[in-house]
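# quick check, what structure comes out for this input:
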Amino acid sequence: GKAARGSDGNLGVPNNWLSVYADSAWQWDETRKQYYLHQYLTEQPDLNLRNPDVVAELDAAMKFWLEQGVDGFRVDSAANLIECENFEDEEPSGEGTEKEYKYLAHDCTTFQTGSYELITHWRELLDQYSKDGTKVLMVESYGNANQTTSFFEYNDMPGAHLPLNYNLVNLKKGCEGHCVHDLVSNWVGSMDSGYWPNWVLGNHDHSRVATRLGEEFVNAANMLLTTLPGTAFTYYGEEIGMYDVDISFEQAQDPLGKDKGASKYKDYSRDPQRTPMQWSDEANAGFTTATPWLPVASDYDERNVAAQKATGAGESNLNVYSTLTRLRQEPSFQWGGMHFAITTDNMFSYVRKADGFPAYLVAINFGSQATTVSFHSSQSELVPALGRVRATTANFPGPTQAEDFEIGREISLDHIHLRPAEGIVVELQPASE
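Numbering: from 1, shown residues only. As a prediction, this is how the structure comes out:
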C-alpha cells in the first residue's frame, strides 16, 4: 500500500495510474489507511513483486505443483507484473477519455525490466524440474512483436518457452489475403531463428471465430492455425464451430461487463465466448448435471462433439479439424521451414518443407471473391506441377468440385480455383515422380 498527501494535507491517490478496466488503479483501504494498487479489478490487489519475500512465496507455490507433476505454468498478464519504482505519473497517449485505460501511455506499469527478469527467474526454477521432460513456461502479454518476443530471452537468460502470440485474434471479417499475410509475417519476421513460434486463434477474452469471421470460415481458420509453424492453441469449442452466445444482463457474470450497467454491458462483457462446452445433446450439452455458470448455446442439441463424431455426420468441423491435426504429425509441419507462396486480395498460401521429407502447399481463400491461382507457373522452384490432396475445408458447394479436391487425388497445381472460405492442403510431388 501507499498513501500520498495532496496540497491541502488530505490523503490523495498516489498517482494517475489507471486500471485496465478503467478508472483509478488505486483503492483506499480504511483498515490500513492506505491505498492499494489493482491493475485489474479492485478484488485483485497487485502483489509487490519487487519484494523478495513475495517472490519466494510464489516460488514455493510453483515448487509444490511441480512436485505434484504438473507440466508447466501460464503466467497471466506478464506485462503487468512489476511497476516502476518511482511511482511517477504516466503521460497521456492522445487516445480515449480520462478514465479509460487507453488514455495513458503505460510506460510505468507495463513491460518493465523487472517483469522480464522475473520470467527468467521462473524459467530457471522450471529448468531445475525438467530432467525428465521439459516443464513449459508460457506468458500472456498483449504488446508489440518486440515486447512479446523479449520474453523468450532477456539479458542472455532464457525466459518463456512460449510468449503467446495473439496476432491471429485479429483475424476478423474483412481480413482477407494480404491482411492474413501481414498477421503471419509480422510474427515470423520478428522471430529469432532459435525461438519456437506459436499461434493463438482465440481465447476467453476474444469473440469466437464463428462469430468474428463467420461460420463458413471456421474450417479455413483452423486450417491456417494447424499448418503454421510451431505450437497451435485452440480455444475450447472452436473445433466444433461454437459461436458467441447472447447473454442477458441478469445472466451476466463477467465483472468487466456487469460494472458498466445494463445499457452498456454487451460492449464489454466476455461472457458470450465463455459458455459451456457442447459435448452432447443431453441436458446442459453434457457439460454438467448442475446449473451451469452461464447458459448453454441454443443450438447445442445439433452442434456438439457427439453429433460431429457420429457415423454419417459427413465432413463436420470436428472431422476437418481431426484430419488437420493428424497431418501435423508430418515432419514438414513438425519442424519444416515456412515459405510464403502467392498472396492476393483473397488468397493466402505458403509451403511447409523439411529437407528429405514431402513438402506441403497450403492455400486458403480468406476473401469475398472466388480466385484462380496458378502456383506452378508462377513459382515453379517452390511448387511442382503436381500434388496430392491431403486435407480440405470440405465446404465445396457441389459434387464436381468436391470430387476435384477429393482427399488422395492427384491434381495439377495450376488453375486452382477456390471460393471464399475454401482451402486445401496438398502434398507436393517431386518433379522426378
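
# by mean pLDDT, which helix or strand of this structure comes out lowest?
strand 4-5 (a mean of 49; mean pLDDT, DSSP states H and E).

# for the helix or strand harbouring Glu57, which positions count as buried?
Counting by DSSP states H and E, the element that carries Glu57 is helix 52-68. Going by neighbour count (16 or more other C-beta atoms under 10 Å), the buried part of helix 52-68 is Val55, Met62, Leu66. Just so you know, the C-beta spots here come from the backbone N, C-alpha and C atoms, and that holds for glycine as well.

# got the contact list for stretch 41-53?
Identification of contacts with stretch 41-53 by C-beta atoms under 8 Å, 6 or more residues apart in numbering yields 19, 21, 27, 36-39, 54-55, 58, 80-83, 85, 114, 118, 255.

# can you say which of those are buried?
Buried members of these, scored by 16+ other C-beta under 10 Å, are 19, 21, 27, 36-39, 55, 80-83, 118, 255.

# how close does Glu427 get to Gly336?
With distances taken as C-beta to C-beta, to the nearest Å, Glu427 is found 12 Å from Gly336.

# need the residues touching each of the two.
With C-beta under 8 Å, 6+ apart as the test, Glu427 and Gly336 both reach Ala359.

# wait, Cys318 touches Ile240, no?
In this structure residue 318 is Leu, not Cys. Yes: using C-beta atoms under 8 Å, Leu318 is in contact with Ile240, at 5.2 Å.

# and Ile119, what element?
Using DSSP H and E, Ile119 falls in helix 113-127.

# gap between that helix and the chain center?
Averaging C-alpha positions (C-alpha atoms, centre = their mean, to the nearest Å) puts helix 113-127 22 Å from its chain's average.

# and for stretch 38-49?
Mean-position distance between stretch 38-49 and its chain equals 24 Å (C-alpha atoms, centre = their mean).

# do stretch 335-345 as well
The answer for stretch 335-345 is 21 Å, by C-alpha atoms, centre = their mean.

# hey, where'd the helices end up in the stretch 201-350 of the chain?
209-212, 218-227, 255-258, 265-268, 305-309, 317-327, 331-334 (DSSP state H, counting those that start in this stretch).

# other residues contacting the third one?
Residues from elsewhere that reach helix 255-258 (C-beta under 8 Å, 6+ apart): Tyr21, Leu41, Glu43, Phe249, Ala252, Tyr265, Lys266, Asp267, Tyr268, Ser269, Arg270, Asp271.

# so who does Lys174 touch?
For the record, residue 174 is Gly, not Lys. With C-beta under 8 Å, 6+ apart as the criterion, no residue contacts Gly174.

# what separation is there between it and Arg212?
In this view, Gly174 and Arg212 are 10 Å apart by C-beta to C-beta.

# for Leu370, what are its contacts?
One thing to correct before we go on: residue 370 is Ala, not Leu. Asn346, His417, Leu418, Arg419, Pro420.

# now do it against Asp46, distance only.
Counting by C-beta to C-beta, the gap from Ala370 to Asp46 is 52 Å.

# neighbours around Ala283, how many?
Neighbour count of Ala283, defined by other C-beta atoms under 10 Å: 11.

# also the one 4 residues further on?
One way to gauge burial is a neighbour count; for Phe287, by other C-beta under 10 Å, it gives 19.

# which pLDDT value goes with the closest residue to it other than its chain neighbours?
For Phe287, ignoring the flanking residues on the chain, the nearest one in space by C-beta to C-beta, 6 or more residues apart in numbering is Pro276 at 3.8 Å. What the model reports for Pro276 is a pLDDT of 98.

# repeat for Asp8
If you check Asp8, the pLDDT there is 41.

# now do the one 5 residues further on
According to the prediction, Val13 has pLDDT 93.

# same thing with Ala431?
Looking at Ala431, the pLDDT reads 60.

# please apply the same query to Gly214.
The model's pLDDT for Gly214 equals 97.

# burial of it, as a residue count?
16.

# before we move on, what about Ile119?
Ile119 has 26 nearby residues by other C-beta under 10 Å.

# which residues touch the closest residue to it other than its chain neighbours?
Of all residues not flanking Ile119 in the chain, Gly159 sits nearest, at 4.6 Å (C-beta to C-beta, 6+ apart). By C-beta under 8 Å, 6+ apart, the contact set of Gly159 is Tyr116, Ile119, Thr120, Arg123, Leu137, Val139, Ser150, Phe151, Phe152, Glu153.
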